[in-house]
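Visitor: how does the following fold in three dimensions:
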Amino acid sequence: EVQLVESGGGLVQAGGSLRLTCAASGFTFDDYAIAWLRQAPGKEREGVSCTTMSDGHTYYENSVKGRFSIPKGNTKNTVYLQMNKLNPEDTGVYYCAAGWTCSVLSSWGQGTQVTVSS
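Guide: Numbering: from 1, shown residues only. Model (predicted):
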């Protein structure tokens with residue numbers, strides 16, 4: 001069974017950091033695109049970052065550039081999202097998803113809550 005599980009969310013003060021983990025079971029990320037998305041209360045889900053494991057190319061949404069990163073050295077079934085300098089606008093449920101491209105995501109995790117207090 002293909003499954004993605006996110007972890008690492010929590011409550012943090014503005015300016016703080018969190019590292020989210022996306023762990024896969026039932027498949028490996030070798031040739032996949034792995035995306036992080038988030039959904040704030042009352043808002044639509046938006047893409048935060050996406051990386052293609054085959055060439056390491058990574059995209060970041062403008063509001064997180066310079067603060068969020070997908071560290072190198074991910075294993076074949078684990079990808080991280082390092083989030084620094086968090087602000088209250090980063091609050092939401094964060095999801096990881098996998099697919100053949102960043103635009104076609106076929107497997108989703110259940111999400112992990114990130115809450116940033118001011």
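
Visitor: in terms of helices and strands, where is the most centrally placed residue in the chain?
Guide: By C-alpha atoms, centre = their mean, the chain has its centre lying nearest to residue 36, at 2.8 Å. Following DSSP states H and E, one finds residue 36 within strand 33-39.

Visitor: show me where this structure has its strands.
Guide: Taking DSSP state E as the criterion, the chain contains strands spanning 3-7, 10-13, 18-25, 33-39, 46-52, 58-60, 68-69, 78-83, 92-101, 104-108, 112-117.

Visitor: dump the ones you listed into CSV; add mean pLDDT as well.
Guide: Output for the strands of the chain, formatted as CSV (pLDDT from 0 to 100):
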stretch, mean pLDDT
strand 3-7, 95
strand 10-13, 98
strand 18-25, 94
strand 33-39, 96
strand 46-52, 95
strand 58-60, 95
strand 68-69, 97
strand 78-83, 95
strand 92-101, 96
strand 104-108, 94
strand 112-117, 98
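
Visitor: residue 96 contacts residue 29, doesn't it?
Guide: No: here residue 96 does not reach residue 29: they are 10.1 Å apart, not a contact under C-beta atoms under 8 Å. In short, each C-beta sits where N, CA and C put it, glycine included.

Visitor: okay, now residue 65: neighbour count?
Guide: Per other C-beta atoms under 10 Å, the neighbour tally for residue 65 reads 11.

Visitor: what sits up against stretch 3-21?
Guide: The contact list for stretch 3-21, computed with C-beta atoms under 8 Å, 6 or more residues apart in numbering, reads 22-26, 36, 78-88, 94-98, 107-118.

Visitor: could you export that stretch as PDB, CA atoms only?
Guide: Output in PDB follows, covering the C-alpha atoms of stretch 3-21 (Å, rounded to 0.1, in the frame of the first residue of the first chain):
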ATOM      1  CA  GLN A   3       1.300   5.800   1.900                       C
ATOM      2  CA  LEU A   4       2.800   9.200   2.800                       C
ATOM      3  CA  VAL A   5       3.000  10.400   6.400                       C
ATOM      4  CA  GLU A   6       3.900  13.900   7.500                       C
ATOM      5  CA  SER A   7       5.300  14.700  10.900                       C
ATOM      6  CA  GLY A   8       7.000  17.500  12.700                       C
ATOM      7  CA  GLY A   9       4.300  20.100  12.900                       C
ATOM      8  CA  GLY A  10       3.500  21.900  16.100                       C
ATOM      9  CA  LEU A  11       3.200  25.300  17.800                       C
ATOM     10  CA  VAL A  12       6.000  27.700  17.500                       C
ATOM     11  CA  GLN A  13       6.600  31.400  18.100                       C
ATOM     12  CA  ALA A  14       7.100  33.800  15.300                       C
ATOM     13  CA  GLY A  15      10.700  33.800  14.200                       C
ATOM     14  CA  GLY A  16      11.100  30.100  15.200                       C
ATOM     15  CA  SER A  17      11.800  27.000  13.100                       C
ATOM     16  CA  LEU A  18      10.300  23.700  12.400                       C
ATOM     17  CA  ARG A  19      11.400  20.700  10.300                       C
ATOM     18  CA  LEU A  20       8.700  18.700   8.700                       C
ATOM     19  CA  THR A  21       9.200  15.100   7.600                       C
END
